[in-house]
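S.K.: Sequence first, then the predicted structure:
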Amino acid sequence: MSSTKSIGVFIVLLLSVIDIPNVSGFSSASKVITSSSATTSTKLTMSSSDAAAPLSTSDHVLFDLPVSNNGARVRAIIYKKQLSTQDVEIISPMRMGGLKSLEYLALSPQGLMPALSIQKQTPLANGMKHLSESDTIARYLLAEYAGVGPSFQPDNPRSNQICRWHDVYLTTIQGCLYKPASRLPLGDYADRKSAISAFQKNLKVIEGFMSDEGMYLCGDEVSLADASLFPTCIFANYMLPKFDSSQPPLPPKLNTWFDNLRTNDSVFAKIYDEIMDTLVTSWEETNHRWDSIWLAGQRDEAPGTIFDKIVAKEIPATIVKEDEHILAFKDINPVAPAHILVIPKDRNGLTNLRKASAEHTDILGRLLVAAGEIANDSELGFGDGARVVINDGYDGGQEVYHIHVHVLGGKKMGPMA
Ligand code: AMP
């Protein structure tokens with residue numbers, strides 16, 4: 001834990017999809033990578049004033065950090081099999097100048113963690129000098145050290161289904177838990193909310209693959225599925241409540257499995273401590289990472305408004321347009337012959353326009369597209385154009401704190417006041 005902490009204070013963002021800044025003293029110019037021409041040995045080296053000193057003389061070097069989600073599955077294997085540092089030494093990618101350094105990119109072309117340097121070639125390595133996909137690294141180590149410790153059941157179809165589903169459908173959305181708003185949208189998902197909902201749906205799908213018996217996902221014996229899914233569930237368990245505290249982060253069977261591993265399996269307890277230590281001490285307390293993640297820890301807790309009741313159809317309104325995202329209805333006190341309000345069904349923090357962030361790009365676009373369509377509708381009383389207004393805050397004369405677009409028309413407007 002203490003070593004985790006000491007690393008933790010230097011790192012800003014340490015998940016596998018996140019850049020690590022170069023650290024002073026390890027500039028990319030100070031390192032060289034050499035490969036011996038023989039197929040039996042490849043040594044990573046760092047230049048020094050005298051001679052190139054090897055970065056490690058171990059058989060394998062795993063480039064990884066304690067908070068790395070995908071690296072954690074490989075660490076679980078290393079810890080469970082009790083591999084020595086001669087077998088696999090775990091080194092921070094910062095020693096190679098960070099994830100985006102040329103040296104590291106030579107090992108891991110996507111600049112992600114983990115990466116494995118194979119320094120002692122065996123037939124199983126098949127000439128590969130480095131590997132950079134966590135599932136591939138995990139399976140290589142399971143094969144290389146097959147005779148040591150638990151097998152992790154690399155051929156169990158239940159485990160493989162979970163591993164594959166996790167890597168293809170879950171990890172690819174995981175950024176929704178911690179990506180800053182400025183880096184939205186999230187892949188296929190226009191906003192964090194829909195990405196989180198897809199993430200939770202896939203957790204439920206994976207839950208359906210679990211065995212009904214035993215402490216582990218595939219029964220009484222640990223499998224690669226446990227090693228792959230457990231770290232992701234640490235992130236989910238810790239972060240999902242930051243966005244929505246109204247429902248449990250993990251579905252029930254997965255939650256029981258997760259709690260069991262965390263409390264009754266010392267290796268998974270260690271993985272849990274490694275990841276949580278950085279998430280809490282570095283991300284939350286030191287780097288205030290959550291400040292840049294919209295709504296994380298600062299949910300929409302403003303009082304509801306009369307518009308919620310209109311959305312819930314608890315009070316009547318003359319609705320003129322409705323879809324999954326927006327509702328448009330006639331203003332009860334029209335100030336023009338045609339006066340329609342367009343609102344998001346889910347306020348999602350948008351009490352007023354000044355609360356808008358990149359998270360809201362999609363819904364703001366939808367409101368304006370709907371306003372344009374309404375302004376085109378002669379049956380609603382619109383003629384040749386409309387005035388589209390958003391009142392914001394006290395000075396803007398806003399009365400209802402649920403963002404809304406006024407679409408005004410049916411007459412020629414005068415100059416703006
Ligand atoms: P604003 O001043 O921009 O906050 O606008 C709020 C608008 O909501 C006003 O034009 C009100 O007339 C309108 N409004 C308030 N209550 C209702 C309601 N129950 N149905 C329709 N419009 C409403």
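M.R.: Great, that's in hand. Residues are numbered from 1 along each chain as shown.
S.K.: Quickly list the domain ranges of the chain.
M.R.: The chain breaks down into these domains under automatic domain parsing: 1-149, 151-299, 306-409.
S.K.: From L177, how far out is Y238?
M.R.: From Y238 over to L177 the distance is 9 Å, taken as Cβ to Cβ, to the nearest Å. For every residue, glycine as well, the C-beta is placed using N, CA and C.
S.K.: burial of G98, as a residue count?
M.R.: Residues lying near G98 (other Cβ atoms under 10 Å) number 21.
S.K.: Please apply the same query to D291.
M.R.: Using other Cβ under 10 Å: D291 sits among 11 other residues.
S.K.: Surely it is in a helix?
M.R.: Yes: counting by DSSP: H, G, I helix; E, B strand; the rest coil, D291 is located in a helix.
S.K.: Tell me which residues touch it, please.
M.R.: Listed by Cβ atoms under 8 Å, 6 or more residues apart in numbering, D291 has no contact partners.
S.K.: ok, 10 Å please
M.R.: 180, 297-298 (Cβ atoms under 10 Å, 6 or more residues apart in numbering).
S.K.: mean confidence score for stretch 166-173?
M.R.: This predicted structure assigns stretch 166-173 an average pLDDT of 94.
S.K.: Show the end-to-end separation of that stretch, please.
M.R.: End-to-end distance of stretch 166-173 (Cα to Cα, to the nearest Å): 10 Å.
S.K.: and S108, what is it in contact with?
M.R.: 16, 63, 93, 96, 99, 114-117, 130-133.
S.K.: Now with 8 Å, please.
M.R.: S108 touches 63, 99, 115, 130, 132, counting by Cβ under 8 Å, 6+ apart.
S.K.: what's the answer for V148, then?
M.R.: 81-83.
S.K.: redo that, cut-off 7 Å
M.R.: V148 makes contact with K81, according to Cβ atoms under 7 Å, 6 or more residues apart in numbering.
S.K.: which residue is nearest the centroid of this structure?
M.R.: G175 (2.0 Å; Cα atoms, centre = their mean).
S.K.: Helix, strand or coil: sort out that one for me.
M.R.: Here G175 is recorded as helix under three-state DSSP.
S.K.: correct me, but it touches L186?
M.R.: Yes: with contact taken as Cβ atoms under 7 Å, G175 and L186 are classed as touching, separated by 5.8 Å.
S.K.: tell me, what's touching the two both at once?
M.R.: Common contacts of G175 and L186, defined by Cβ under 7 Å, 6+ apart, are absent altogether.
S.K.: For the stretch 101-250 of the chain, just list every one of the helices.
M.R.: 102-107, 134-144, 157-165, 192-209, 224-243 (DSSP state H, counting those that start in this stretch).
S.K.: any chance of these in CSV, plus distance to the ligand and mean neighbour count?
M.R.: Shown next, in CSV, are those (distance: least, Cβ to the nearest ligand atom, whole Å; neighbours: other Cβ atoms under 10 Å):
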stretch, distance to the ligand, mean neighbour count
helix 102-107, 52, 19
helix 134-144, 51, 20
helix 157-165, 46, 19
helix 192-209, 24, 18
helix 224-243, 27, 23
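S.K.: for the ones you listed, which one sits closest to D87?
M.R.: helix 134-144 (8.6 Å; Cβ to Cβ).
S.K.: what's the model's confidence in the closest one, averaged?
M.R.: Rounded mean pLDDT across helix 134-144 is 98.
S.K.: cool, stretch 214-222 as well?
M.R.: For stretch 214-222, the per-residue pLDDT averages 98.
S.K.: buried stuff in that stretch?
M.R.: By 16 or more other Cβ atoms under 10 Å, the buried positions in stretch 214-222 come out as 215-219, 221-222.
S.K.: Endpoints of it, how far apart?
M.R.: 10 Å.
S.K.: Stretch 170-182 now?
M.R.: OK, stretch 170-182 end separation, Cα to Cα: 22 Å.
S.K.: elements contacting the helix or strand hosting I271?
M.R.: Taking DSSP states H and E as the criterion, I271 maps to helix 266-277. With contacts defined as 3 or more Cβ pairs under 7 Å, 6 or more residues apart in numbering; DSSP states H and E, helix 266-277 has these neighbours: helix 2-8, helix 69-80, helix 224-243, helix 252-264.
S.K.: Redo the contacts of D291 as CSV? Include distance to the ligand and neighbour count.
M.R.: Below are these laid out as CSV (distance: Cβ to the nearest ligand atom, whole Å; neighbours: other Cβ atoms under 10 Å):
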residue, distance to the ligand, neighbour count
P180, 30, 17
G297, 28, 13
Q298, 23, 12
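S.K.: How about the residues of the stretch 201-350 of the chain by the ligand?
M.R.: 306, 317, 329, 331-333, 341 (Cβ under 6 Å from any ligand atom).
S.K.: among the residues you listed, which are in strands?
M.R.: 329, 341 (DSSP state E).
S.K.: one step back: now the helices and strands packed on helix 266-277 in a markdown table, with distance to N287?
M.R.: Formatted as a markdown table, the helices and strands packed on helix 266-277 follow (distance: least, Cβ to Cβ, whole Å):
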| stretch | distance to N287 |
| --- | --- |
| helix 2-8 | 9 |
| helix 69-80 | 17 |
| helix 224-243 | 15 |
| helix 252-264 | 25 |
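S.K.: By neighbour count, which of the residues of the stretch 201-350 of the chain next to the ligand wins?
M.R.: That'd be L341 among those, by other Cβ under 10 Å, with 22 neighbours.
S.K.: what's the nearest residue to that one if we skip its chain neighbours?
M.R.: H404 (4.7 Å; Cβ to Cβ, 6 or more residues apart in numbering).
S.K.: again with T318
M.R.: K330 (4.1 Å).
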